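# predicted model follows, preceded by the sequence.
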Amino acid sequence: MFDNKKPAAEEFPLDKLASRRRFLRDSAVAAAVAGTLAACKKAEGAASVAVAATLEHGMPNAAPTAPPSPREKADAMDKMHEAVMKAFPAKSEGKGNQLLVPRIDDGVKVFELTASEIQWETAPGQRVAAMAYNGQVPGPQIRVREGDRVRIVLRNQLSESTAIHFHGLETPNDVDGVPFVTQPPVKPGETHAYEFTVPNAGSHMYHSHHNSTKQVGLGLLGAFIVEPKKPRRIERVDRDYLFILNDGVHGYTFNGKSFPATEPLIAKVGEKIRIRYMNEGMMIHPMHLHGMHMTVIDKDGWPQPAPWKCDTLNVAPGERWDVIVECDRPGTWAFHCHILPHAESDHGMFGMVTALVVQKA
């Protein structure tokens, strides 16, 4: 009796049979590989857990590492504080507030200011983008006498427009320096001159008044000191110091520098010094001197009705205060903003900190 079915070889041709065998073989290999990978991942996970446990608790069967004692923590913090203090005054590149000597043009004192974009070092190793007059932050100090005829020539080398406002000076309206109010903006590559007879004496400022949050914060600011024709007796001092306070993107700075790169004030026992505070920032800064009081003589360039004493003086944005200090106590005296987060952290002092060093005569 014959079976009508085809032989097995014909039912499964050799090529199809080989393909089926390859499929089964490859499937087995894939399963083995997958199992191996899964086992590896499981082992890696276990190893990671073991490493983490070791880092946290030490080697297996080893005694756990004791946490640092309060004394050890204190020693570590004190070491950081001491290192910062020993670095003061630290050297840094660049110095602002340099006296600008004018040229005389037919009796007019001509001061030239070039606004440009630079890199500025606020403290050792801390470089920031800045906008500067004549390559310095703060810009150069302009010092004139009441009644002088002056011309301020601004050259704009920035990538945006700018202008100069003479803060505190009672100038004619056309040189007030506010774009679209008293003048057009000074565009990149342009030059603009401001000329006027210097009016009121006192401690004043000059700064950008165009996109000013950015431009003043980045350094377009400076001191404009007007000496009176008839100085008062109380103004006769041995040394004259200036603090321009700022708190923009450069951090908390005195004259463009942060501690420990700030400069100390130096005097000798028996000397009388004048300190001029100018706040170009956006925050209040109560300035505090250790060891000696300050006698306040001027507010915004105007004499006080009667001098008064304090050891902490609140300086608000835009304000200028002038004080006298009788240096009668030798030593190094801390001098800082008393909003403490502007002056000190767990890593030590920073920002708005300096010192008054009174040397023995």
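Perfect, thanks for sending it.

# going by C-alpha atoms from here, please, whenever you check contacts or count neighbours.
Noted.

# the bottom helix or strand of the protein by mean pLDDT?
Lowest on mean pLDDT, DSSP states H and E among the helices and strands of the chain sits helix 8-11, with a mean of 38.

# domain map for this structure?
11-57, 92-230, 232-361 (automatic domain parsing).

# redo these as a markdown table? Include distance to Val84 and mean neighbour count.
Below are the domains of the chain laid out as a markdown table (distance: least, C-alpha to C-alpha, whole Å; neighbours: other C-alpha atoms under 10 Å):
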| stretch | distance to Val84 | mean neighbour count |
| --- | --- | --- |
| domain 11-57 | 32 | 12 |
| domain 92-230 | 11 | 19 |
| domain 232-361 | 6 | 19 |
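
# closest to Lys86 out of those?
domain 232-361 (8.8 Å; C-alpha to C-alpha).

# distance from the closest one to the middle of the chain?
Taking C-alpha atoms, centre = their mean, to the nearest Å, the mean C-alpha location of domain 232-361 is offset from the chain mean by 18 Å.

# end-to-end on it?
Terminal residues of domain 232-361 lie 26 Å apart, using C-alpha to C-alpha, to the nearest Å.

# ok, the residue lying closest to Arg143 once chain neighbours are set aside to Leu169 distance?
Excluding the flanking residues, the one nearest Arg143 by C-alpha to C-alpha, 6 or more residues apart in numbering is Ile225, at 4.7 Å. In this view, Ile225 and Leu169 are 10 Å apart by C-alpha to C-alpha.

# could you tell me which residues touch both of those two?
His204 (C-alpha atoms under 8 Å, 6 or more residues apart in numbering).

# all strands of the stretch 51-200 of the chain, in order?
Using DSSP state E, counting those that start in this stretch, the strands of the stretch 51-200 of the chain run over 103-105, 108-123, 126-133, 142-145, 149-156, 164-167, 191-197.

# out of those strands, the one nearest Phe259 is which?
Among these, strand 108-123 comes nearest to Phe259, with 6.9 Å by C-alpha to C-alpha.

# just to revisit the earlier point, need the domains of the chain in CSV (columns: distance to Ala74).
Listed next are these as CSV, based on distance: least, C-alpha to C-alpha, whole Å:
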stretch, distance to Ala74
domain 11-57, 23
domain 92-230, 26
domain 232-361, 10
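
# between those domains, which one is closest to Met85.
Of those, nearest to Met85 by C-alpha to C-alpha is domain 232-361, at 7.2 Å.

# still on that earlier bit, comparing the domains of the chain, which gets the lowest mean pLDDT score?
Note on those: lowest mean pLDDT is at domain 11-57, with a mean of 41.

# list the beta-bridge partners for Phe166.
Here Phe166 sits in beta bridges with Tyr206, going by DSSP bridges.

# list the contacts of it.
176-177, 204-207, 224.

# hmm, back to that, the strands of the stretch 51-200 of the chain into TSV, with extra columns for distance to His342?
Output for the strands of the stretch 51-200 of the chain, formatted as TSV (distance: least, C-alpha to C-alpha, whole Å):
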stretch	distance to His342
strand 103-105	40
strand 108-123	15
strand 126-133	17
strand 142-145	28
strand 149-156	33
strand 164-167	25
strand 191-197	36
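
# out of those strands, which is closest to Val269?
Here strand 142-145 is closest among the strands of the stretch 51-200 of the chain (C-alpha to C-alpha), at 27.5 Å.

# may I have that closest one exported as PDB, CA atoms only?
What follows is strand 142-145, C-alpha atoms only, in PDB (Å, rounded to 0.1, in the frame of the first residue of the first chain):
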ATOM      1  CA  ILE A 142      37.200 113.700  37.600                       C
ATOM      2  CA  ARG A 143      38.200 116.400  40.100                       C
ATOM      3  CA  VAL A 144      37.600 120.100  39.400                       C
ATOM      4  CA  ARG A 145      36.900 123.300  41.200                       C
END
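
# adjacent strands (with direction) for it?
Applying DSSP bridges, one finds strand 142-145 paired with strand 221-227 (parallel).

# give me the sheet partners of the helix or strand following the partner strand and which way each runs.
For strand 221-227, the following helix or strand on the C-terminal side (DSSP states H and E) is strand 239-246. Strand pairing for strand 239-246, determined by DSSP bridges: strand 253-254 (antiparallel), strand 272-279 (parallel).

# ok, which of these comes nearest Lys187?
Using C-alpha to C-alpha, the strands paired with strand 239-246 put strand 272-279 closest to Lys187, at 27.1 Å.

# nearest to Ala76, of the domains of the chain?
The nearest among those, by C-alpha to C-alpha, is domain 232-361 at 9.7 Å.

# got the contact list for the residue lying closest to Thr114 once chain neighbours are set aside?
Of all residues not flanking Thr114 in the chain, Arg155 sits nearest, at 4.6 Å (C-alpha to C-alpha, 6+ apart). Each residue near Arg155 by C-alpha under 8 Å, 6+ apart is listed here: 112-115, 189-192.

# please identify which of the domains of the chain is closest to Glu72.
It's domain 232-361; of the domains of the chain, that one is closest to Glu72 (C-alpha to C-alpha) at 14.7 Å.

# how about Gln157, nearest residue that isn't a chain neighbour?
Ser116 (4.9 Å).

# rewinding a little: so what's the residue nearest to Arg143 bridging to?
Arg143, Ser203.

# and it, how far is that from Glu344?
Counting by C-alpha to C-alpha, the gap from Ile225 to Glu344 is 31 Å.
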